[in-house]
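Engineer: Prediction below, plus the sequence it came from.
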Amino acid sequence: MTGKKELLQLLSLYNEHFPNESGRLSRYTTFLHDTDGDMLIARSNFNGHITTSAFIIDGAASRMLLLQHKSLGRWLQPGGHAEEQDASLLTSALREAVEETGIRPDQLTYYPIHPVALVPFDIDAHYIPANPKKQEDGHYHYDHRYLFIYTGEHDNQYDPAESTGMRWVSFTDLAGDATFGAMVQKISSQVQ
């Protein structure tokens, strides 16, 4: 898994690519400076931990694949907790996409925004409410979001342990959405 030094370098490259976003990432920046080793991804770290997600779009860059999250009851992109065996945050996001959607890895093409480094197209810090069933306090997820283009057929099966539904949603329908409107604009500006 990616260590603290690599994460700080990744954040620096991200800030170079998206200089207007450094302010909204101040909580994440503090987390990186204050956290070491396994605690960066440890689910038991209720100061927060790193997660990854896959924004999967169709080849025409007009639709996004969303899953109805079983615990949160919201339509979200595939994603989850980074794991120690993940070689990188990108491989973590790909693993989550495959596990949660049934899409084969060869049907997903990573869309890089940086010529050398595996810089995500978005980094987000969002609060996760306490979950008494899992004995988890409220905490932050520092989500590294990678963009993938789907090249297969639209006949995949979601994991019922994780989700209660899966659907393709047009960018037009998502444009006014509080959660995805900004992501649609960001994706559209990256994918030409």
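Structural biologist: Great, that's in hand. Numbering: from 1, shown residues only.
Engineer: The residue most central in space within the chain and Lys5: what is the separation?
Structural biologist: Within the chain, the residue whose C-alpha comes closest to the C-alpha centroid is Ser53; the distance, by C-alpha atoms, centre = their mean, is 2.2 Å. Ser53 is 23 Å from Lys5, where distance means C-beta to C-beta, to the nearest Å. Every residue, glycine included, has its C-beta placed from N, CA and C.
Engineer: Then His49?
Structural biologist: Going from His49 to Lys5 by C-beta to C-beta gives 18 Å.
Engineer: Between those two, point out the one with more neighbours.
Structural biologist: His49 (22 against 9; other C-beta atoms under 10 Å).
Engineer: hey, what's that one bridged with?
Structural biologist: Legend: beta-bridge partners of His49 under DSSP bridges are His141.
Engineer: That one contacts Arg43, doesn't it?
Structural biologist: Yes - assessed by C-beta atoms under 8 Å, His49 is found in contact with Arg43 at 6.2 Å.
Engineer: hey, what's in contact with both of those two?
Structural biologist: Shared contacts of His49 and Arg43, defined by C-beta atoms under 8 Å, 6 or more residues apart in numbering, are found at His81.
Engineer: Run through the residues that contact the spatially closest residue to Gln185 that is not a sequence neighbour.
Structural biologist: In this structure, Gln185 finds its nearest non-sequential neighbour in Ala175, 7.7 Å apart by C-beta to C-beta, 6 or more residues apart in numbering. Contacts here follow C-beta under 8 Å, 6+ apart; on that basis Ala175 touches Gly181, Val184, Gln185.
Engineer: Got a quick ChimeraX command for the buried subset of these?
Structural biologist: The command below creates a ChimeraX selection of those among the contacts of Ala175 that count as buried (16 or more other C-beta atoms under 10 Å):
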select :184
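Engineer: would CSV of the contacts of Ala175 with distance to Leu108 and secondary structure be doable?
Structural biologist: Formatted as CSV, the contacts of Ala175 follow (distance: C-beta to C-beta, whole Å; DSSP: H, G, I helix; E, B strand; the rest coil):
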residue, distance to Leu108, secondary structure
Gly181, 24, helix
Val184, 19, helix
Gln185, 22, helix
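Engineer: Out of the contacts of Ala175, which is nearest to Ala61?
Structural biologist: Val184 (9.8 Å; C-beta to C-beta).
Engineer: surely the closest one meets Met64?
Structural biologist: Yes - the pair Val184 / Met64 is scored as a contact, 7.4 Å apart, by C-beta under 8 Å.
Engineer: Mind listing the shared neighbours of those two?
Structural biologist: Shared contacts of Val184 and Met64, defined by C-beta under 8 Å, 6+ apart, comprise Phe171, Leu174.
Engineer: Average pLDDT for stretch 72-89, rounded please.
Structural biologist: Across stretch 72-89, the average pLDDT comes to 93.
Engineer: My error: substitute stretch 149-164 in the last question.
Structural biologist: Mean pLDDT, computed over stretch 149-164, is 85.
Engineer: now the end-to-end length of it.
Structural biologist: 23 Å (C-alpha to C-alpha, to the nearest Å).
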